[in-house]
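J.: Sharing a sequence plus its predicted fold:
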Amino acid sequence: MLIESHWQALHNLAEPAFKESKTSKYMADALRELGYEVIDGLTPAKTGVIAILDSGANGPVVGLRTDLDALIFTEDGKQIYVHACGHDGHMSMLLTAAEQIKNAGIKKGKVKLVLQPAEEIGLGAKALLETGLLDDIDYLFGMHLMPHNLLSSGQVAAKVNWMACTLMTVELTGLTAHGSMPHLGINALDAGCAIVNAVNAFHLNPLEGWSAKATRFNTGTGSINAICDHAEISFDLRTTLNSSMELLKEKFIKTVQATALAYGTQVKITEVGDCPGTESAPDVLAIIEKAIVKEMGPSALVHEVTTTVGEDFNFYRKLRPSIQTGFLGLGCDLEPCLHDRHMHFDHAQLPHGANIFTNIVLQILNA
């Protein structure tokens, strides 16, 4: 089936995290038709799917991963789902590569296609790892469509450096009082403002990329002549290195606790979610670079790009260090940016991505 036909079908099936039932069925049906062994109905990965092509001979297990979920938007008061992060393109490339690998045949080992739900909420990779179905994978590769400010059409990055990301909420409880008698209350709003200012004053190593910022501040509703007794603040923390994220989280927690104590408020800190930064296996870079050059020539090769975005693919390496991971970035003049409702890209680059995936697998299993 033509890659554009896959894209159109999957684009129209857009579904949110852990609810990608139609999407995963489309993928599973297509792979069964190609002759892959398909495992679905996974716990706790729900809509996740694993597809296997076994050569029958001993050898490495090579995985290709794609994400399934779409983003949620509101239009005309209604919730809609849109593939505004390119996951429809990722799935199309994987299905095309799967067909090409099946037609070419593998001499040894296995291919495992990892169809992952819930990338957008950072829970899909961990859920698939819990199934145990990835424990035998030796190599795992992913690919993402990249925005135009990072890569143009005709360029492919052999390594994408994703940032580590942690999302935190801080819940403050004070004591209400009449606005004319603030000395009788404990103002959670004041404490929250002090916490935001304290976090904004953080300093980490300036030679590393990092940020810590408040993204939401809610104090509820009530009388405006009453002291605010409750506030909730959301924070987004990012670092280029996983080790720096641990230092940033420790600094954040100590600062929030100390500031809340100084203002007399009770505080509850919750880690809502996290994503590790990139820790690519250096041994796979030569394989990836060779595949890019074979498909598109040496002028297409970009050794690496760095983005401030997070990607839960990095949990595979973090939680299973034995897996040699590699993650590519496909230039496709994607505009205006990822997660924009009207995101669009150069579809002519999708076959290149599929061919690079195919070449990576055949390099390893047909050597």
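T.: Looks like it came in fine.
J.: what's the host helix or strand of A286 in contact with?
T.: In this structure, A286 sits in helix 282-296 according to DSSP states H and E. Helix 282-296 is contacted by residues 139, 141, 154, 156, 158-159, 300-301, 303, 324-326, 328, 352, 355-356, 359-360, 363-364 when judged by CB atoms under 8 Å, 6 or more residues apart in numbering. Where C-beta positions appear, they are placed from N, C-alpha and C, glycine not excepted.
J.: same thing but at 6 Å, please
T.: V156, A158, L301, Q324, G326, H352, N355, I356, N359, I360, Q363 (CB atoms under 6 Å, 6 or more residues apart in numbering).
J.: biggest separation within these, which pair?
T.: Taking CB to CB as the measure, those span a maximum distance of 23.1 Å, between Q324 and H352.
J.: re earlier: what is the distance between the helix holding A286 and the centre of its chain?
T.: 22 Å (CA atoms, centre = their mean, to the nearest Å).
J.: Report the mean per-residue pLDDT for it.
T.: Averaging pLDDT along helix 282-296 yields 95.
J.: buried stuff in that helix?
T.: Using 16 or more other CB atoms under 10 Å as the test for burial, helix 282-296 gives V284, I287, I288, E289, K290, A291, I292, V293, E295, M296.
J.: Please identify which of these is nearest to T259.
T.: Using CB to CB, the buried residues of helix 282-296 come closest to T259 at V284, 44.2 Å.
J.: returning to that earlier point: next SSE after the helix holding A286?
T.: Downstream of helix 282-296, the first helix or strand assigned by DSSP H and E is strand 301-302.
J.: center of the chain - which residue?
T.: E311 (2.5 Å; CA atoms, centre = their mean).
J.: helix, strand or coil for G154?
T.: coil (DSSP: H, G, I helix; E, B strand; the rest coil).
J.: Buried residues, the longest helix along the chain. List them.
T.: The helix that spans the most residues within the chain, counting by DSSP state H, is helix 242-263. The neighbour-count criterion (16+ other CB under 10 Å) identifies S244, M245, L248, K249, K251, F252, T255, V256, T259, A260, Y263 as the buried residues of helix 242-263.
J.: Same list (the contacts of helix 282-296) but as JSON lines, adding secondary structure, pLDDT and neighbour count.
T.: Putting the contacts of helix 282-296 into JSON lines (DSSP: H, G, I helix; E, B strand; the rest coil; pLDDT from 0 to 100; neighbours: other CB atoms under 10 Å) gives the following:
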{"residue": "V156", "secondary structure": "strand", "pLDDT": "98", "neighbour count": "27"}
{"residue": "A158", "secondary structure": "coil", "pLDDT": "98", "neighbour count": "25"}
{"residue": "L301", "secondary structure": "strand", "pLDDT": "98", "neighbour count": "17"}
{"residue": "Q324", "secondary structure": "strand", "pLDDT": "97", "neighbour count": "21"}
{"residue": "G326", "secondary structure": "strand", "pLDDT": "97", "neighbour count": "25"}
{"residue": "H352", "secondary structure": "helix", "pLDDT": "98", "neighbour count": "20"}
{"residue": "N355", "secondary structure": "helix", "pLDDT": "98", "neighbour count": "19"}
{"residue": "I356", "secondary structure": "helix", "pLDDT": "98", "neighbour count": "26"}
{"residue": "N359", "secondary structure": "helix", "pLDDT": "98", "neighbour count": "22"}
{"residue": "I360", "secondary structure": "helix", "pLDDT": "98", "neighbour count": "26"}
{"residue": "Q363", "secondary structure": "helix", "pLDDT": "98", "neighbour count": "16"}
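J.: quick one: low-confidence parts of the chain?
T.: 1 (pLDDT under 70).
J.: who's in contact with the residue nearest to the centre of the chain?
T.: W162.
J.: wait, is it part of a helix?
T.: No. Counting by three-state DSSP, E311 is located in no helix; its state is coil.
J.: Look at the closest residue to K251 other than its chain neighbours and give its secondary structure.
T.: Nearest non-adjacent residue to K251, counting by CB to CB, 6 or more residues apart in numbering: F202, 6.4 Å away. Per three-state DSSP, the secondary structure class of F202 is coil.
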